[in-house]
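**Q** just coords:
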């Protein structure tokens, strides 16, 4: 719809002579449409509303009068976009008051004075067209700003994703761990009751958040990150801080805070080592105090760690990893989460058709 190009006036009047007079006044500047009564006028408006510059509307007409037409236009919101002029010989104050309340731009009394009616109509038409141009420009600028904000957010998110993958390479792994965590998380939320109440858009955002779950490991020294044997108690305490450091890092990236995935990414980075019985870290959350998406990422992280070769262990068979998780050997998980995991675990193996890869301790 190109409002700025609209150069058409609709004349609604049951008297042919009145239509002819108004057509003669505006014909040199506008394309003229005519209607012989109110209902025909409404039909013309419905058909041509996108190109009408103005509507000249008689009051007294058979069947559907001008005020009735104006009421319909007001209800449809069209008086906000198309200026309506009431052409009438009725000077009753009640008619004029209702007309203005319904959004008419001006009331022109018969007999019309050509130069006066032309000037009054043209002035309002120019005002409406200027407003349309301004509105279009404001909308264009708004869309441009939104696009720029989206690009900045995506750039920030891309940097975080790159950082997450870089951490996997720093751990002497293939970098596929973060992608598998993303895929496992989305599968569990999309294809099991765990995702009930979540939209597809939310699941995609959670998947993005899952990619950043271990971003805090950038703060862990290489000697601990790549230690081939068991960590000492002191080293494990330092390893555990990656959850806090990860959340802090995400919060410090302005583009990340503006991204729709931020609330999920922050919570996942901070709490993906919490456990259902409160035995996790860093805050010892219990039960449903841990959001379901973070619970899912937590289990996905454990499963991937078990079935992947690490610097400190060989890969376990998928069946062995499944049984260890279900039997509680890797911490306590939500029973509903475990049941859903048990049902879809054979499908998770599709993510391990290529060379095994993963992350390190923690």
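**A** On my side now, so go ahead. What you see is a predicted model, and the numbers here were worked out from it, not measured in a lab.
**Q** identify all contacting residues around stretch 113-133.
**A** The list of residues contacting stretch 113-133 from outside it, by CB atoms under 8 Å, 6 or more residues apart in numbering, reads 3-4, 6, 9, 22, 25-26, 29, 53-54, 56, 81-83, 85, 105-106, 108. Where C-beta positions appear, they are placed from N, C-alpha and C, glycine not excepted.
**Q** repeat for stretch 66-76
**A** Identification of contacts with stretch 66-76 by CB under 8 Å, 6+ apart yields 12, 38, 41-42, 45, 55, 57-60, 79, 82, 84, 86, 88, 95, 98-99, 102-104.
**Q** again, 6 Å this time
**A** Stretch 66-76 is touched from outside by 38, 41, 57, 58, 59, 79, 102, 103, with contacts defined as CB atoms under 6 Å, 6 or more residues apart in numbering.
**Q** quick check: of these, which lies closest to residue 320?
**A** Checking the contacts of stretch 66-76 against residue 320 with CB to CB, the nearest one is residue 79 at 72.8 Å.
**Q** residues contacting that closest one?
**A** 73, 103.
**Q** buried ones in stretch 85-100?
**A** The neighbour-count check on stretch 85-100 (16 or more other CB atoms under 10 Å) flags 85, 86, 87, 88, 95, 96, 99 as buried.
**Q** return the member of the contacts of stretch 66-76 nearest to residue 329.
**A** Taking CB to CB as the measure, residue 329 sits nearest to residue 79 out of the contacts of stretch 66-76, at 71.4 Å.
**Q** check the closest one and give its pLDDT.
**A** At residue 79, the model reports a pLDDT of 90.
**Q** please, where are all the helices along the stretch 1-150 of the chain?
**A** Using DSSP state H, counting those that start in this stretch, the helices of the stretch 1-150 of the chain run over 16-26, 38-48, 66-75, 93-101, 114-170.
**Q** any idea which helix or strand comes after the longest one?
**A** Scanning forward in sequence from helix 114-170 by DSSP states H and E, the next helix or strand is helix 177-191.
**Q** remind me what that next one packs against, helices and strands.
**A** helix 114-170, helix 200-211, helix 292-307 (3 or more CB pairs under 6 Å, 6 or more residues apart in numbering; DSSP states H and E).
**Q** mind doing that once more with 8 Å?
**A** Helices and strands touching helix 177-191, as assessed by 3 or more CB pairs under 8 Å, 6 or more residues apart in numbering; DSSP states H and E, comprise helix 114-170, helix 200-211, helix 292-307, helix 335-348.
**Q** out of those, nearest to residue 236?
**A** Nearest to residue 236, of all those, is helix 292-307, at 14.8 Å by CB to CB.
**Q** per-residue confidence averaged over that closest one?
**A** Per-residue pLDDT over helix 292-307 has a mean of 96.
**Q** do the same with stretch 226-237
**A** The average pLDDT for stretch 226-237 rounds to 89.
**Q** show me how far that stretch is from its chain's centre.
**A** 43 Å (CA atoms, centre = their mean, to the nearest Å).
**Q** do stretch 134-148 as well
**A** Relative to its chain's centre, stretch 134-148 lies at 17 Å (CA atoms, centre = their mean).
**Q** count of residues packed around residue 336?
**A** Other residues near residue 336 come to 13 when the count uses other CB atoms under 10 Å.
**Q** now residue 280
**A** Here the count is done by other CB under 10 Å, and residue 280 has 21 residues near it.
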